[in-house]
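> Okay, here's the prediction I keep looking at, along with the sequence it came from:
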Amino acid sequence: MFKIGEFSALTHISVKTLRYYDETGLLRPAHVDNWTGYRYYSAQQLPRLHRILALKDLGFSLEQIGRTLEGTITPQELRGMVALRRAEQEARVFEEQERLARLETLIKFMEQESMMSADVVIKEVEPQWIVSLREVIPNYPSIGMLYPKVISQIGGGCELGMPVAIWHDLEHKEKDVDGEAGFLLKQPLPAHGTTQMYQLGSTRVASYMHHGAYNRLDQAYQNLLRWVEENHYRLAGPFRELYHYCTAPVRQDDESYVTEIQIPVEKAA
């Protein structure tokens, strides 16, 4: 028999915890001295204590642990409880992985942000022919569904240039986005169906080359707009995205993509 302090040292469980387990009925002392009130424990209680600790480590409540030890939970119910705990833990792990990925992305972008000012270029864009389709789409990533429509309507045999997106909303929108998708052209060609073929006028733009995933474009926009304001420019037209490099099928998290963001600007008064 071991005094409570000796049992605590043997099991690496605090005296306070052992007393709490006694109060809740999880682990009663093997013997309590009627005269002194001293608690004594036996080595034969170690398996029960280890099971308590194992179930506690798995996230079970003390009430659930008590029911398990007393046999009031059937093996089938216990399997269900364990399966539920596994599902909860998997969800928690996934959530933490997502949070870690966001933190890593933020760290990477903060490192890039300090270098961004040198990468923003003010340039004059010459008039450009474009064949495009403009629709109200569910969200920004949905712009990809317009390019096949453009290609199917103008038919084959046409030499299409770089894909481009033009965003006509003056504010960020969670849904019902006014987007235009098309291809730059070296020379005009007939438009068909709902496509339009026209010439983008010459304009001055603040241009930034985004090397990375599409799901990080919003961060690039935020910093580019901050640069525009700090350098005393103002917005002068719809934003443009030129897709210099991407792969098919398009993914939102591919870090190999190269996208040029062009924001038409004019010098602020």
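Perfect, thanks for sending it.
> in the stretch 151-269 of the chain, which spans are helices?
If DSSP state H, counting those that start in this stretch is used as the criterion, the helices of the stretch 151-269 of the chain fall at 217-230.
> go on, the stretch 1-150 of the chain?
For the stretch 1-150 of the chain, applying DSSP H, counting those that start in this stretch gives helices covering 4-11, 15-24, 46-57, 62-69, 75-119, 146-154.
> Report all helices and strands that the fifth one contacts.
Under the contact criterion of 3 or more C-beta pairs under 8 Å, 6 or more residues apart in numbering; DSSP states H and E, the helices and strands touching helix 75-119 comprise strand 203-211, helix 217-230. Bear in mind the C-beta positions are built from the backbone N, C-alpha and C, glycine included.
> could you give the angle of the first one to helix 217-230?
Strand 203-211 and helix 217-230 meet at an angle of 140 degrees, taking axes from the mean of the first three to the mean of the last three C-alpha atoms, to 10 degrees as the criterion.
> which parts of strand 203-211 are buried?
By neighbour count on 16 or more other C-beta atoms under 10 Å, the buried set for strand 203-211 is 203-208, 210.
> For those, please prepare TSV with the additional fields distance to residue 44.
Formatted as TSV, these follow (distance: C-beta to C-beta, whole Å):
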residue	distance to residue 44
203	85
204	85
205	80
206	77
207	77
208	72
210	67
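> if we can go back for a sec, worst mean pLDDT among the helices of the stretch 1-150 of the chain?
Of all the helices of the stretch 1-150 of the chain, the minimum mean pLDDT falls on helix 75-119 (a mean of 75).
> what about residue 219, how many neighbours?
18 (other C-beta atoms under 10 Å).
> Phi and psi next, for the residue at the greatest distance from the centre of the chain.
Largest separation from the mean C-alpha position in the chain: residue 35, at 62.9 Å (C-alpha atoms, centre = their mean). Main-chain dihedrals, residue 35, degrees, to the nearest 10: phi -80, psi -40.
> just use 37 as the starting number from now, easier for me
Okay, residue one is now 37; in that scheme the one you just asked about reads as residue 71.
> measure it to residue 77 for me?
18 Å (C-beta to C-beta, to the nearest Å).
> Excluding sequence neighbours, find me the nearest residue to residue 94.
Once flanking residues are discounted, residue 94 sits nearest to residue 121: 5.6 Å by C-beta to C-beta, 6 or more residues apart in numbering.
> domains in this protein, as residue ranges please.
For the chain, automatic domain parsing gives the domain ranges 38-109, 156-303.
> These: which one's closest to residue 115?
Evaluated over the domains of the chain, closeness to residue 115 peaks at domain 38-109, with 10.0 Å, by C-beta to C-beta.
> Contact partners for residue 205?
Contact analysis of residue 205 by C-beta atoms under 8 Å, 6 or more residues apart in numbering lists 213-214.
> any idea of the pLDDT on it?
At residue 205, the model reports a pLDDT of 90.
> Going by neighbour count, list what's buried in stretch 43-51.
Those would be 43-44, 47, 49, for stretch 43-51 by 16+ other C-beta under 10 Å.
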